[in-house]
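Chemist: Following is a predicted model, sequence given first.
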Amino acid sequence: MKHALIHVLWLSILAARAYAQDEAPALKIREGVKNRITTDIHDLRQVVEATKLSQTQRDGLLEDIAAAETAFLNEPGEYGDGFRAVLPLTGAHARLFGVQAALWRLQGYAPLTVWQADLWGNLGLWDPPKREGAAVAVHMMLNEYRAGAFNISNASPEAARISLRIEGMPGVANPACITVHQVEWTDTRTGRVVAAALPEAAREGDNYVIEVPSGMTRQVWLTFHPIDVAAGVHNGRIVLNAGGAQLETPLTLTLYPFRFPDQPALHSGGWDYTAAAGIYGVTDANLEAFLKHCRDHFVDSPWEGKKVIPEGTYDAQGNMASPPDTAAFDAWVKRWEGARRFCAFPNAGSSFAGFDVGTPQFENAVKAYAAFWANHMKELGLESSQLIWLLIDETSDLETDTLVVAWAKAIRAGETGIQIWEDPIHGDMSKAHPELGSVCHILCPNRTMFLRAPEKYARYFLEQRDKGVTLEFYSCRGPARLLDPYAYHRMQAWSCWQHQAISTNFWAWGDNAGVSSWNEYLAPRTAYTPFFIDAVSVTAGKHMEACRESIEDYEYLVMLARAVASAGKDRPDSEAARHARKLLVEIPGRVLNPATLDAFWWRDPLDRTTADTARLEILEALAALEK
């Protein structure tokens, strides 16, 4: 009887644990929704109380907020497996935004207001519409990607379903060179709402459909990618139809007589780990979409772990007895056909193939190992220098530095051409191993540390660069959604130019913390991906768009430098040449002003127009040099 009771109790405990595990996601979602809507009720009350309406009008709105709160408390709180933290989250949440619509009507707003905001700024959920209207104007080259945007605020009591049509651009209406995105508001694990997701707008017949809930602002994001369009100024319009109302927004596309290269100079990587699905947010179902998004954003330096560069076997003297299996490596290279670099992480330790670091056998084995993979690169029609090895990630003490130096010396002894890449994070680089810089081909400082540490920290890397070591930059802060796509992502390539670095890198393209980017309430930790990733899809996000535009900004500087060098030979004293030389010297410092080096969070106030102003100056300078 005692054993039977224990058995029953044990089964009850197991059942309770299973129930708790099943309920845990639902509880997290309910808690996230509760926090979001409770916060929004509080914030909207403050907005209403701060208005200059009459007390009667304010009281009426506050009563409506209280009614929305009651409706929320009476909601069942069951959200289902497909829940997405896209605002409004529930019917009561939509009702709350309806109060903001009523507020806007009392303030004299029309049912729909089209207005402009800073392209890269952080939209506020309770920001009132601006009354100045909107006009989208984009200046660019052929074959590059640039963005424009405008906002639609809905003050009507009902959700608006708007038909959008682009007219007057080259070709037919709604030309293929412009992609229309409906920006979604999403909540985050930290409870800060962002407007960063860029799903493509739905199509209905020949037009796009934009949905704007009552009392909310919808940003419409336009991605321009003209390929076969004549240079010049193209004036068109964006026509919006909602019911019987029609609104128009001017659209100007200015194409300069230059073609952006298919492959820009600056390298880009983000620890994607795509040799096989199942790492971070990459799955069999979304892998191809993920790869396409990466390629479309100029990612040319895929990363992978040790599994693509297995060891092989070695005899007692450290000579290779049987070669490594190349199947995983070959599949990885094929998957990333066209990539310019292949970056692998051997995760070097205190031994290799059973041989301790510092022994002759270790040195023989590592030398043979490197020689094999360098030769295999050539068999695949690639250069051995396109293979990059990060031996130990983020070394921060002398012990790990010493291992890096030992491995690097063994690898370099064979003169294979494999590039040794390290990202040391010593708080004081003077305490790094004295040979660390000399054994590495590439040093990649953390950009935040590089910018904010005492001057001697940056000086270490610049001195190594001047000795022939290649520089890159990487960043790995998070949560990604809260970072400023302008200061954190776009400015990194400008830092690369300023310090002669050849690659911009971010942790990490696929790291969605193991959950759908559309439901961060379930995230067990910080998510870093600049995309919106779920198990079956990948959606663009503003942060990754900023990475792409950053690489393009760098290319503008490359093109200007080439034009200045050419003008220096042909007509060095022309006014255009003098202006271009001055611009090349001054413009990076102007864009990388102190504010951009300190404000990495999207909520921070910042002028985010400087880079676009600068690149327009570069376009004009390039055009002047062509005359």
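Modeler: Yep, that arrived. Residues are numbered from 1 along each chain as shown.
Chemist: Okay, now the unreliable bits of the protein?
Modeler: 1-23, 568 (pLDDT under 70).
Chemist: how about 80 then?
Modeler: By pLDDT under 80, the weakly predicted segments of the chain are 1-23, 171-172, 277-278, 568-572, 598.
Chemist: show me where the stretch 101-250 of the chain has strands.
Modeler: 112-115, 136-142, 146-154, 160-167, 178-182, 184-186, 194-197, 202-204, 207-212, 217-224, 232-242, 245-259 (DSSP state E, counting those that start in this stretch).
Chemist: Could I get the ones you listed in CSV, plus columns for mean neighbour count and distance to Val366?
Modeler: From N, CA and C alone the C-beta is placed, and that goes for glycine too. CSV is the format used below for the strands of the stretch 101-250 of the chain (neighbours: other C-beta atoms under 10 Å; distance: least, C-beta to C-beta, whole Å):
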stretch, mean neighbour count, distance to Val366
strand 112-115, 19, 62
strand 136-142, 19, 46
strand 146-154, 23, 46
strand 160-167, 18, 58
strand 178-182, 21, 48
strand 184-186, 21, 47
strand 194-197, 25, 44
strand 202-204, 11, 55
strand 207-212, 19, 57
strand 217-224, 22, 46
strand 232-242, 17, 58
strand 245-259, 17, 45
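Chemist: right, and these - which one's nearest His426?
Modeler: Among the strands of the stretch 101-250 of the chain, strand 194-197 comes nearest to His426, with 33.6 Å by C-beta to C-beta.
Chemist: Contacts for the closest one next, please.
Modeler: Applying C-beta atoms under 8 Å, 6 or more residues apart in numbering, the contact partners of strand 194-197 are 86, 122-123, 183-186, 188, 219, 481-482, 485, 517-518, 532, 539-543, 602.
Chemist: Quick one, which of those are buried?
Modeler: Listed as buried from the contacts of strand 194-197 are 122-123, 183-186, 188, 219, 481-482, 485, 517-518, 532, 539-543, 602; burial here means 16 or more other C-beta atoms under 10 Å.
Chemist: Could you tell me which of those belong to helices?
Modeler: With DSSP state H as the criterion, helices contain 542-543 from among the buried ones among the contacts of strand 194-197.
Chemist: ok, how many other residues are close to Arg525?
Modeler: The number of residues packed near Arg525 is 12, by other C-beta atoms under 10 Å.
Chemist: got the contact list for it?
Modeler: Ala513.
Chemist: at 10 Å what do you get?
Modeler: Shown in contact with Arg525 (C-beta atoms under 10 Å, 6 or more residues apart in numbering): 189, 478-479, 511, 513-515.
Chemist: just Ile502 next, same as before
Modeler: Applying C-beta under 10 Å, 6+ apart to Ile502 gives the contacts 265-267, 341, 442, 444, 470-473, 496, 554.
Chemist: mind listing what the strand or helix carrying it pairs with, with the direction of each?
Modeler: Taking DSSP states H and E as the criterion, Ile502 maps to strand 501-506. Next to strand 501-506 in the sheet, as set by DSSP bridges, lie strand 267-269 (parallel), strand 470-475 (parallel).
Chemist: Out of those strands, which one sits most buried?
Modeler: strand 267-269 (a mean of 25; mean count of other C-beta atoms under 10 Å).
Chemist: Contacts for it, please.
Modeler: Strand 267-269 has contacts (C-beta under 10 Å, 6+ apart) with 294, 297-303, 339-341, 343, 388, 421, 444, 472, 474, 492-493, 496, 501-509, 547-548, 550-551, 554.
Chemist: go with 6 Å
Modeler: 298-301, 303, 502-505, 551 (C-beta atoms under 6 Å, 6 or more residues apart in numbering).
Chemist: and which of the contacts of Arg525 is nearest to Lys367?
Modeler: Top of the list for closeness to Lys367, among those and by C-beta to C-beta, is Asp511 at 34.2 Å.
Chemist: State whether the closest one is indeed within a strand.
Modeler: No: remark: Asp511 does not belong to a strand; assigned using DSSP: H, G, I helix; E, B strand; the rest coil, it is coil.
Chemist: I'd guessed it sits against Pro530; true?
Modeler: No: the criterion here is C-beta atoms under 6 Å, and Asp511 misses it with Pro530 at 9.8 Å.
Chemist: Pick out whichever of the two has more residues nearby.
Modeler: Using other C-beta under 10 Å as the criterion, Asp511 and Pro530 rank with Pro530 on top: 30 against 27.
Chemist: my read: the more buried one touches His543, true?
Modeler: Yes: assessed by C-beta under 6 Å, Pro530 is found in contact with His543 at 3.7 Å.
Chemist: Need the residues touching each of these two.
Modeler: Counting by C-beta under 6 Å, 6+ apart, the contacts common to Pro530 and His543 are Ala480.
Chemist: Could I get the buried residue list for stretch 606-617?
Modeler: Neighbour-count burial for stretch 606-617 [16+ other C-beta under 10 Å]: 606, 608, 610-612, 614-615, 617.
Chemist: can you tell me which of those are in helices?
Modeler: Filtering the buried residues of stretch 606-617 for membership in helices, criterion DSSP H, returns 610-612, 614-615, 617.
Chemist: now, among those, which is nearest to Val209?
Modeler: Asp612 (29.0 Å).
Chemist: excluding its backbone neighbours, what's nearest the closest one?
Modeler: Nearest residue to Asp612 in three dimensions, chain neighbours excluded: Leu119, at 7.6 Å (C-beta to C-beta, 6 or more residues apart in numbering).
Chemist: Is it possible to get JSON lines of the strands paired with strand 501-506 that adds distance to Gly148?
Modeler: Below are those laid out as JSON lines (distance: least, C-beta to C-beta, whole Å):
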{"stretch": "strand 267-269", "distance to Gly148": "23"}
{"stretch": "strand 470-475", "distance to Gly148": "26"}
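Chemist: between the ones you listed, which one is nearest to Gln107?
Modeler: Of all the strands paired with strand 501-506, strand 470-475 comes closest under C-beta to C-beta, at 41.1 Å.
Chemist: ok, back up a step: with the contacts of strand 267-269 in mind, which one is nearest to Tyr109?
Modeler: Nearest to Tyr109 among the contacts of strand 267-269: Ile551, at 39.4 Å, using C-beta to C-beta.
Chemist: doesn't Phe298 make contact with that closest one?
Modeler: Yes: using C-beta under 6 Å, Ile551 is in contact with Phe298, at 4.8 Å.
Chemist: Of those two, which one has the most company?
Modeler: More neighbours surround Ile551 than the other of Ile551 and Phe298, with 26 against 20 (other C-beta under 10 Å).
Chemist: Distance check, the more buried one against Pro261.
Modeler: Counting by C-beta to C-beta, to the nearest Å, the gap from Ile551 to Pro261 is 11 Å.
Chemist: Please apply the same query to Ala624.
Modeler: 21 Å.
Chemist: between these two, which one's more packed in?
Modeler: Set Ala624 next to Pro261 and count neighbours by other C-beta under 10 Å: Ala624 wins out with 16 against 13.
Chemist: Would you confirm that the more buried one contacts Glu575?
Modeler: No: counting by C-beta under 6 Å, Ala624 does not reach Glu575; the two are 8.1 Å apart.
Chemist: mind listing what's buried in stretch 91-103?
Modeler: 92-103.
Chemist: Is Ser430 located within a helix, as I assumed?
Modeler: Yes: assigned with three-state DSSP, Ser430 falls within a helix.
Chemist: Now do the contacts for it.
Modeler: By C-beta under 6 Å, 6+ apart, Ser430 has no neighbours at all.
Chemist: Distance check, it against Lys456.
Modeler: Where Lys456 is concerned, Ser430 sits at a distance of 7 Å (C-beta to C-beta).
Chemist: again, but for Gln219
Modeler: 44 Å.
Chemist: re earlier: which one (most neighbours) among the contacts of strand 267-269?
Modeler: When neighbours are counted by other C-beta under 10 Å, Thr504 leads the contacts of strand 267-269 with 29 neighbours.
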